[in-house]
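# I'll drop the sequence and a predicted model, then ask my questions.
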Amino acid sequence: MAERRRDALQFPESEREFLEPHLPPKHRADDNTSRVFTTLTFATSLDSSLALSPGTQTLLSGPQSKAMTHYLRSRHQAILVGVGTAIADNPSLNCRIEGVGGYGGDGLEGQPRPIVLDPNLRWDFSSDSKVLALAADGRGRAPYVICAKHPSDLKRVLLEQRGGKFITLNISDTGPSKGKLDWTDILQALRDHGVQSVMVEGGGAVINNLLQPHYATLIDSVIVTIAPTWLGQGGVVVSPPRRCSADGTPVPAARLRDVRWHPFGEDVVLCGKLQ
Ligand SMILES: NC(=O)C1=CN([C@@H]2O[C@H](COP(=O)(O)OP(=O)(O)OC[C@H]3O[C@@H](n4cnc5c(N)ncnc54)[C@H](O)[C@@H]3O)[C@@H](O)[C@H]2O)C=CC1
Ligand SMILES: Nc1nc(O)c(N)c(N[C@@H]2O[C@H](COP(=O)(O)O)[C@@H](O)[C@H]2O)n1
């Protein structure tokens, strides 16, 4: 049995039941489903902010909802963030729940694969990246970087040495991701690389892009932590593009159905499906 770590998080069995209907099915090695179970999840303030300002990290989740997020990480094969988040936060993107690989468990069992959406190769993971350091230390997996350019051999070799890789896709020339990567292509590429479930954590640009009606059928589950604070103006806001009906009247951009709420400490967690 691997050594117990003092920084491991606890998430009680009694809280897990609430989340179960909103999680991907437990995967089998022979599972041939063609699509990726996709969960959109993030922590927000009462004024829909993810962070106090662009380029900064803001702690919103309390200890219980943070443990919940780490439990979600253990139940998905991958975590996806945009390069803005990778640069701003230098995140760990691993799972620190007691009992998963690297935190008392065997190998890398329960550790999700970090995915960074970085079309123009802005992320310099070669210096001081927590994700790569954790991968080297056996407490997380090396990232897959989804890009639209060919990386330098230096970056490619460094990533591959740690067990990660670059996945190069074409920029979309139509639809709601014109000039970017299309989510249908991103999720298909993940499936082609063996990923059966992914939680998309953010940041603002990623969430606002994905919350467009065109992609609603790609998202299986939405799980949002709401913290009892207002961050104020100038933050990184979740607010997808406006929609209008045929006569030009504004209509809601997106809405959840089958909604359930659960308090975690001072936060509340909302689970639902996109209509
Ligand atoms: N409270 C929370 O749960 C979370 C908060 N954050 C916060 O969000 C902030 C970062 O958000 P943003 O600046 O909006 O950056 P972001 O993390 O959304 O990354 C934006 C970048 O991702 C790439 N991207 C996004 N969609 C794409 C697409 N369809 N195709 C190709 N590339 C695409 C582009 O390069 C874009 O510039 C940080 O302050 C971070 O702390 C991030 C994640 C979760
Ligand atoms: N659930 C949640 N609560 C918050 O308060 C947050 N700021 C975030 N941010 C996301 O988590 C990443 C940091 O994760 P590590 O602890 O470094 O693994 C950060 O990059 C955001 O994606 N999430």
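Cool, the structure landed. Keep in mind it's a predicted model, so treat the numbers as computed, not measured. Ligands and ions are numbered 1, 2, ... in the order given.
# Close to ligand 1: what parts of the stretch 1-150 of the chain are there?
Residues of the stretch 1-150 of the chain lying close to ligand 1 (C-beta under 6 Å from any ligand atom) are 42-43, 50-51, 54, 56-57, 60, 81-85, 88-89, 117, 119. Just so you know, the C-beta spots here come from the backbone N, C-alpha and C atoms, and that holds for glycine as well.
# Just say helix, strand or coil for the residue in the stretch 151-275 of the chain that ligand 2 sits nearest to.
Going by C-beta to the nearest ligand atom, ligand 2 is nearest to Glu201 of the stretch 151-275 of the chain, at 3.9 Å. Put simply, Glu201 is strand when judged by DSSP: H, G, I helix; E, B strand; the rest coil.
# Relative to Pro252, how far out is it?
Distance from Glu201 to Pro252, counting by C-beta to C-beta, to the nearest Å: 23 Å.
# Between the two, tell me which one has more neighbours.
Per other C-beta atoms under 10 Å, whichever of Glu201 and Pro252 has more neighbours is Glu201, with 26 against 9.
# and the more buried one, what does it touch?
Residues near Glu201 by C-beta atoms under 8 Å, 6 or more residues apart in numbering: 41-42, 79-81, 85.
# before we move on, the earlier item: the nearest residue to the residue of the stretch 151-275 of the chain closest to ligand 2 once chain neighbours are set aside: helix or strand, and which one exactly?
Leaving aside its chain neighbours, Glu201 sits nearest to Val81 (5.3 Å; criterion: C-beta to C-beta, 6 or more residues apart in numbering). Assessed by DSSP states H and E, Val81 sits inside strand 78-82.
# Residues contacting that strand, please?
Contacts of strand 78-82 (C-beta under 8 Å, 6+ apart): 73, 91, 93, 112-118, 144, 186, 190, 195, 197-203, 205-206.
# How about that strand and ligand 2, any contact?
Yes: using C-beta under 6 Å from any ligand atom, we find that strand 78-82 touches ligand 2 at Val81.
# Can you tell me the strand partners of that strand and which way each runs?
strand 113-117 (parallel), strand 197-202 (parallel) (DSSP bridges).
# same question for the first one, mean pLDDT?
It stands for strand 113-117. If you average the pLDDT over strand 113-117, you get 98.
# Tell me the buried residues in that strand?
Buried positions in strand 113-117, judged by neighbour count with 16 or more other C-beta atoms under 10 Å: 113-117.
# now these as TSV including distance to Ala227?
Listed next are the buried residues of strand 113-117 as TSV, based on distance: C-beta to C-beta, whole Å:
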residue	distance to Ala227
Arg113	27
Pro114	24
Ile115	25
Val116	25
Leu117	25
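# Relative to ligand 1, which of the residues you listed is nearest.
Leu117 (4.7 Å).
# you'd agree the closest one is up against Val206?
Yes: between Leu117 and Val206 there is a contact at 6.5 Å, judged by C-beta atoms under 8 Å.
# which residues does Leu159 contact?
Residues in contact with Leu159, defined by C-beta under 8 Å, 6+ apart, are 125, 142-143, 145, 151, 165-166.
# one more time with 7 Å
Taking C-beta atoms under 7 Å, 6 or more residues apart in numbering, we find Leu159 in contact with 142, 145, 165-166.
# which of these has the most neighbours?
Neighbour-wise, these (other C-beta under 10 Å) top out at Val145, 25 neighbours.
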